[in-house]
Each structure stands twice: as structure tokens, then as C-alpha cells.
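> compute the structure for the input listed below.
(one chain, ligands or ions: 1)
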Amino acid sequence: MLSEVLLVSAPGKVILHGEHAVVHGKVALAVALNLRTFLRLQPHSNGKVDLSLPNIGIKWAWDVARLQLLDTSFLEQGDATTPTPELVEKLKEVAGLPDDCAVTESLAVLAFLYLYLSICGKQRALPSLDIVVWSELPHGAGLGSSAAYSVCLAAALLTVCEEIPNPLKDGDRVNRWTKEDLELINKWAFQGERVIHGNPSGVDNAVSTWGGALRYQQGKISSLKRPPALQILLTNTKVPRNTRTLVAGVRNRLLKFPEIVAPLLTSIDAISLECERVLGEMGEAPAPEQYLVLEELIDMNQHHLNALGVGHTSLDQLCQVTRARGLHSKLTGAGGGGCGITLLKPGLEQPEVEATKQALTSCGFDCWETSIGAPGVSIHSATSLDSRVQQALDGL
Ligand code: MEV
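Numbering: from 1, shown residues only. Purely as a prediction, here's the structure:
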């Protein structure tokens, strides 16, 4: 087992098109955001495993000796990597969570324990570790914060247990793992996501692992070759919602009205494919008309998502405020509140962007101007930190 401090980060994501449809086997186009989750892992020798998540006020500690004595054979039953509901129930007993424990807190702890016991359980003795995870991503806003959490945990635990090598060489400030190692990280992160979300598609953990822009369908991932550098406004309506409930709501609507809802999902699939085609064309030979197509696709998808039942009045407001300024928006992620994206056309004057941000802020929303396509999970030097990491560590 490695004895050095590990510092890992992974990005959040926005889905351009295909949220919800992707759960039903359709294509999703997703891009990495330059808002990241960070994890610091310090091996120690006090016989404890400490987990601290300052963003949601969690500090949790377990005795390694107690965990070592537990019968964790349930982790090896059947497909060792599938967290079934029975397995999650058993993990709850192991965790010793109080009955009144908040859902977010308990799911984050369960995902950690699942990954720790499964990945580190292969060692002769479970390691004593101190782990802190913090994030620039707002939680529960559809930006893939839980996936970035699972990706960071998987990457750090696999590395400390030497299941994958630490790619950081002397003098590196930051580095990434090989394709094979990223595949393993992604596989474990997906299982962490399943503990948290039940039945996710896997798109969030894939973007957080690989970064850039991805096409995702039924577990098959391909990177878009030359995605154009699109500028967007990312708006958080701050209306809380639950991905699991929204995904279940779409499933119920599909079961109730198959003839109506299945064509909506097929149409969203066609929107994603058309968007992928246009983005490819933009990478080769950019032309202003392509933005008009992207805007039409955004409008059509937003209407479909409303018809699936995942809209919200706050998202309607976001669309209206931006539409009044000639800009086009849609929800991104699970919907029901959460976040939306607005396409910024090239040539848009900065005062106009600022005025739009201001109008959205005065609705009570948070708004960032950002571009898309950040690098995926990365390992950072713990000795020569960039200012963004240093600042966060100072505040811990
Ligand atoms: C959530 O960011 C995206 C959804 O499609 C759920 C999923 O893909 O797991 C709503």
C-alpha cells in the first residue's frame, strides 16, 4: 500500500442533450465543466478510517479493527461489483448510521463504505486512512457532483491500494491515468453512483472520468473528436430536487403512456444525433447558421423535457428571461429545478452577457459564464499545489 498523500480532482458535467432519454438506451451528449471536486487522502496509523465532507457537514470515523471483524462476504456474493438493495441494507448496518441521518449524508457515507470495503478489502489488512472531499460544484443541481465524488474516491482508493499506479512523476504538478486505469476507475465509480442513485445510466461518472465532450449510449462511450469551444451560461435555479425521484417519474410516465412517451424519447435521441452532427461540422468549418440549428435543438428538447414531467417554473423563468434577450436555454441534468444552460453565440457583446447574468441573478439564481470540455479525473502534486487547491485546503 502507498504511504504518500494523494490529491485527486474530478470535474462535474453538463448534459447538452439526452438527459432522461439516456436512462432508456438513447444517446446523450455530455461535456465536462471546469468546476471540480477535490479529494485528499492521507494514510495514517491511528487505526481509524476518517471521512470528512465539509460541504455537507459530515465527519465520520470507523475503527479499522471493527470493520476488519465484520463479515463482509456479502460484498463478494454474485457479481462482486453490483450494489444490490440487499447489499446497501447490509452496508447501513456496517455504517451504524442513525435513523434520522439525512439522505444525502447517508448515501455519501454508504458509497464511501462500499468502495472502501470492496477496493481495500483485497488488501491483507484494511488501511487506516484520513479522507477529505470538498467541491466547487453545488450539490443536487444536476452537475454530476455525486459522480465526481465517486470518481475521486475510486481513483484515490485504487491508487492507494496499488491496483493502479500513481501516474504522478517527479516535478509533475498534475497528471492523469492511462486509458486502462481510467476504465477501472470509471467502473468502480459507476458502482458508487449506483449506491447513491439506484439505477443511473453511467453518463455522469463517464464524463467525470474522461473529461472533454462525450457521446454516451448504453454504457458505450466515445469522445467527440473536435468539439468546438462553446461558451455557455450555467444557471443554478437553486430549486432542490432529487435525481432518483425524477428518473422514476419519467419511467412511470413511460409505463403509463407508452405510445406518447416513447416517441418523445426517440425524438430526444434524434436531437442528440443532430447536435453531434452539427458540433462535428462546427469543429471542421464553423459557420453562424450552425448556432441557429443548436438553438432550435435546445428549444425543442426543452419542450420535450417539459412533456416528460421534469420541468419546473424556475426553469420556465430562466428560459423566458434569456429568450427576452434573444438567447436559448434548456434544463441540464435531472430537471425539476436544478440547473439550466444558455448558449452564448460568438459575437455577443460582453455588456449583453453581463445584463443577462444580472437579470438571472435578480431572479435569485446563481449564474456562471463558462466554457465546456474540462480535463477528466486528475492527480495533483500535494507539494506544489495550484492556488485553487491551496485556498480550499487552507479553509479546511
Ligand atoms: C442526471 O444528470 C442525468 C439523468 O439522465 C439521469 C442519469 O442519466 O443517470 C437524469
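
> make it CA atoms for all contacts and neighbour counts henceforth
OK.

> what about the longest helix along the chain, average pLDDT?
Secondary structure of the chain read by DSSP state H shows that its longest helix is helix 258-284. For helix 258-284, the mean per-residue pLDDT is 95.

> packing partners for that helix?
With contacts taken as 3 or more Cα pairs under 8 Å, 6 or more residues apart in numbering; DSSP states H and E, helix 258-284 sits against strand 6-17, strand 28-43, helix 243-256, helix 288-308.

> elements contacting the first one?
Identification of packing neighbours for strand 6-17 by 3+ Cα pairs under 8 Å, 6+ apart yields strand 28-43, helix 145-160, helix 203-210, helix 258-284, strand 329-332, strand 378-380.

> out of the helices and strands packed on helix 258-284, the one nearest the ligand is which?
Nearest of these to the ligand, taken as Cα to the nearest ligand atom: helix 243-256 at 5.8 Å.

> that closest one: which residues count as buried?
T243, L246, V247, V250, R251, R253, L254 (16 or more other Cα atoms under 10 Å).

> pull the distance from the longest helix of the chain to the chain's centre.
In this view, helix 258-284 has its centroid 22 Å away from the chain centroid, taken as Cα atoms, centre = their mean, to the nearest Å.

> same check on stretch 105-122?
Between the centre of stretch 105-122 and the centre of its chain there are 18 Å (Cα atoms, centre = their mean).

> can you point out the buried residues in it?
106-121.

> now it: average pLDDT?
Here the average pLDDT along stretch 105-122 is 90.

> name the residues that touch it?
56, 58, 72, 75, 88, 91-92, 95, 97, 126-127, 146, 150, 153-154, 157-158, 161, 188, 192-193, 195-196 (Cα atoms under 8 Å, 6 or more residues apart in numbering).

> and if you look at stretch 185-197?
Applying Cα under 8 Å, 6+ apart, the contact partners of stretch 185-197 are 81-83, 88, 107-108, 110-112, 114-115, 146-147, 150-151, 153-155, 158, 200, 202, 205-206, 209, 243-244.

> relative to G335, how far out is E349?
E349 is 29 Å from G335, where distance means Cα to Cα, to the nearest Å.

> these two - which one has more neighbours?
G335 (28 against 10; other Cα atoms under 10 Å).

> helix, strand or coil for that one?
coil (DSSP: H, G, I helix; E, B strand; the rest coil).

> read off the pLDDT value for it.
We note a pLDDT of 94 for G335 in this prediction.

> from what I see, L75 and V88 are in contact.
No. The pair L75 / V88 is not scored as a contact, 9.9 Å apart, by Cα atoms under 8 Å.

> go ahead and flag the most central residue of this protein.
G144 (2.2 Å; Cα atoms, centre = their mean).

> deepest of the helices and strands packed on helix 258-284, which one?
strand 6-17 (a mean of 29; mean count of other Cα atoms under 10 Å).

> send me that one as PDB with only the CA atoms.
The C-alpha atoms that make up strand 6-17 are tabulated as PDB, following Å, rounded to 0.1, in the frame of the first residue of the first chain:
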ATOM      1  CA  LEU A   6      -2.800  11.700  -2.600                       C
ATOM      2  CA  LEU A   7      -4.700  14.700  -4.000                       C
ATOM      3  CA  VAL A   8      -7.200  13.900  -6.700                       C
ATOM      4  CA  SER A   9      -9.800  16.000  -8.600                       C
ATOM      5  CA  ALA A  10     -12.600  15.300 -11.000                       C
ATOM      6  CA  PRO A  11     -15.000  17.600 -12.900                       C
ATOM      7  CA  GLY A  12     -18.700  18.000 -12.900                       C
ATOM      8  CA  LYS A  13     -20.700  17.800 -16.100                       C
ATOM      9  CA  VAL A  14     -23.500  19.300 -18.000                       C
ATOM     10  CA  ILE A  15     -25.600  17.300 -20.400                       C
ATOM     11  CA  LEU A  16     -26.200  19.200 -23.700                       C
ATOM     12  CA  HIS A  17     -28.900  16.800 -24.800                       C
END
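
> what's the spacing between L348 and I232?
Applying Cα to Cα to L348 and I232 gives a distance of 11 Å.

> more neighbours: which of these two?
I232 (18 against 9).

> among the helices and strands packed on helix 258-284, which comes closest to G340?
strand 6-17 (8.9 Å; Cα to Cα).

> quick one: mean pLDDT over that closest one.
Averaging pLDDT along strand 6-17 gives 95.

> ok now that strand, how far from the chain's centre?
With Cα atoms, centre = their mean, you get 6 Å for strand 6-17.

> what do you get for stretch 388-396?
21 Å.

> ok, and for that stretch, which residues are buried?
V389.

> who touches it?
With Cα under 8 Å, 6+ apart as the criterion, stretch 388-396 contacts F38, P54.

> with just CA atoms, put that stretch into PDB.
This file holds the C-alpha atoms of stretch 388-396, laid out as PDB (Å, rounded to 0.1, in the frame of the first residue of the first chain):
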ATOM      1  CA  ARG A 388      -7.300  26.900  -6.300                       C
ATOM      2  CA  VAL A 389      -6.500  23.800  -4.300                       C
ATOM      3  CA  GLN A 390      -4.300  25.600  -1.800                       C
ATOM      4  CA  GLN A 391      -7.100  28.000  -1.000                       C
ATOM      5  CA  ALA A 392      -9.600  25.200  -0.400                       C
ATOM      6  CA  LEU A 393      -7.100  23.300   1.800                       C
ATOM      7  CA  ASP A 394      -6.400  26.400   3.900                       C
ATOM      8  CA  GLY A 395     -10.100  26.600   4.600                       C
ATOM      9  CA  LEU A 396     -10.500  23.000   5.800                       C
END
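
> re the thing from before, any idea how far R194 is from the residue nearest to the centre of the chain?
On the measure of Cα to Cα, G144 and R194 end up 13 Å apart.

> then A32?
A32 is 20 Å from R194, by Cα to Cα.

> one more: L126?
23 Å.

> before we move on, what about L294?
Counting by Cα to Cα, the separation of L294 from R194 is 32 Å.
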